[in-house]
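Asker: all I have is the shape, not the residue letters:
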């Protein structure tokens, strides 16, 4: 345990060279602890120490990498911490003693944090597979906070894989079970849950956005509600740096097709009120052009409108076909505008 004490002393000095040495000392301590933990079947009482050791390993590695960057060197300690934490995971998993397995999910969650920080998302699949193994402790046996963290990262991973229904399932779990007073964590969950729900066609309330200070989504939601592509473009432009930092910009860009769908659905509804019943599902492309112009896209010609509509049909946002000769969209009489949830079904 001398290596851990050495690491704490070095970490407290505040010097960059000591930050690197602190991590290296701590990593030696972890590896020695792993050997002792494996060798002694009666060491279950020490399993609590892994929670601190694992958190410190990741924190010290990040500080060491920051110090290396300042010195003009390549950061490498967080990647090394990932390998070190895998040793810990094997030590707490490859045992028949349930008490010694207690830190399993905590280690997995820290590995998620490491892999997301390193943008090594392909390694996260192995963690999910490990949690689903029969040798892993029952998921419900872990503390609520650990289960929330796990679902948050699994949900985020699903977002990057465009598996929006799966993402919603895990992020909704995290949102529902996160401590109500942990406003910062709730806000972090919502930064990913809101874009996912928007993709699936569910709009958050203004009250929710204001409660958790998520004002960057206000105009995005309004654009979805009104079918206003101009408002969406402005919202994405204004919040670009925020959305890129969150990792949600590309998801929100996909809302453009949903916005067009909303706008054209409104055009169809208005057309149906005035047209003959026999032609209620035959909408002139010129009407869509007028609607787009109302939203500020007054430079879109009929060819571009036809291209937008064709894209909506191809991506299954709309059911129907285009009569190119007559410049008319002929909509299906059965569910011409499928739900967004069915469009983005996993």
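Answerer: Good, I have the coordinates. None of the values given here were measured: they were computed from a predicted structure. Residues are numbered from 1 along each chain as shown.
Asker: when you work out contacts or count neighbours from here on, use the C-alpha atoms and nothing else.
Answerer: Noted.
Asker: most distant residue from the middle of the protein?
Answerer: In the chain, the greatest distance from the average C-alpha position (Cα atoms, centre = their mean) is reached by residue 276, at 46.5 Å.
Asker: what sits against the nearest residue to residue 23 once chain neighbours are set aside?
Answerer: Closest residue in space to residue 23, ignoring its immediate chain neighbours: residue 60 at 5.2 Å, by Cα to Cα, 6 or more residues apart in numbering. Contacts here follow Cα atoms under 8 Å, 6 or more residues apart in numbering; on that basis residue 60 touches 11, 19, 22, 23.
Asker: most widely separated two among those residues?
Answerer: Longest distance between any two of the contacts of residue 60 is 8.1 Å, between 11 and 23; criterion Cα to Cα.
Asker: so for those two, which residue has more residues nearby?
Answerer: A direct count of neighbours by other Cα atoms under 10 Å for residue 11 and residue 23 places residue 23 higher, at 32 against 22.
Asker: you'd agree residue 283 is in a strand?
Answerer: Yes - using DSSP: H, G, I helix; E, B strand; the rest coil, the secondary structure at residue 283 is a strand.
Asker: identify the bridge partners of it.
Answerer: Listed beta-bridge partners, residue 283: residue 329 (assigned using DSSP bridges).
Asker: near it, how many other residues are there?
Answerer: Neighbour number of residue 283 under other Cα under 10 Å is 21.
Asker: ok, residue 6 next?
Answerer: Other residues near residue 6 number 17, with proximity taken as other Cα under 10 Å.
Asker: with residue 178 instead?
Answerer: Around residue 178 there are 20 other residues, counting by other Cα under 10 Å.
Asker: swap in residue 127?
Answerer: Residue 127 sits with 17 neighbouring residues when counted by other Cα under 10 Å.
Asker: same check on residue 83?
Answerer: A total of 13 residues lie near residue 83 under the criterion other Cα under 10 Å.
Asker: likewise for the one 4 residues further on?
Answerer: Under the neighbour criterion other Cα under 10 Å, residue 87 is assigned a count of 16.
Asker: what segments of the protein are strands?
Answerer: 282-284, 320-323, 328-331 (DSSP state E).
Asker: list the contacts of the first one.
Answerer: The set of residues external to strand 282-284 that reach it, using Cα under 8 Å, 6+ apart, is 268, 271, 327, 328, 329, 330, 331.
Asker: can you check what pLDDT the model gives the last one?
Answerer: Model confidence at residue 331, given as pLDDT, is 90.
Asker: for it, which non-adjacent residue is closest in space?
Answerer: Using Cα to Cα, 6+ apart, the nearest residue to residue 331 is residue 320, at 4.2 Å.
Asker: report pLDDT for the one you found.
Answerer: 93.
Asker: how about residue 224?
Answerer: With respect to pLDDT, residue 224 has a value of 94.
Asker: I'd say it and residue 257 touch.
Answerer: No - using Cα atoms under 8 Å, residue 224 makes no contact with residue 257, being 10.0 Å away.
Asker: more neighbours: the two, which one.
Answerer: Counting neighbours by other Cα under 10 Å for residue 224 and for residue 257 shows that residue 224 has the greater number, 26 against 20.
Asker: ok, now which ones touch that one?
Answerer: Contacts were defined as Cα under 8 Å, 6+ apart; by that measure residue 224 touches 198, 203, 232, 255, 258, 259, 262.
Asker: give me every residue that touches the fifth one.
Answerer: Residues in contact with residue 258 (Cα under 8 Å, 6+ apart) are 199, 224, 227, 317, 340.
Asker: tally of neighbours for the last one?
Answerer: So the one you mean is residue 340. Taking other Cα under 10 Å as the definition, residue 340 ends up with a neighbour count of 18.
Asker: ditto for the third one
Answerer: A total of 25 residues lie near residue 227 under the criterion other Cα under 10 Å.
Asker: measure it to residue 48 for me?
Answerer: Shown here: residue 227 relative to residue 48, a distance of 53 Å by Cα to Cα, to the nearest Å.
Asker: one more: the second one?
Answerer: Distance, residue 224 to residue 48, by Cα to Cα: 48 Å.
Asker: now swap in the first one and tell me
Answerer: Using Cα to Cα, residue 199 is found at 41 Å from residue 48.
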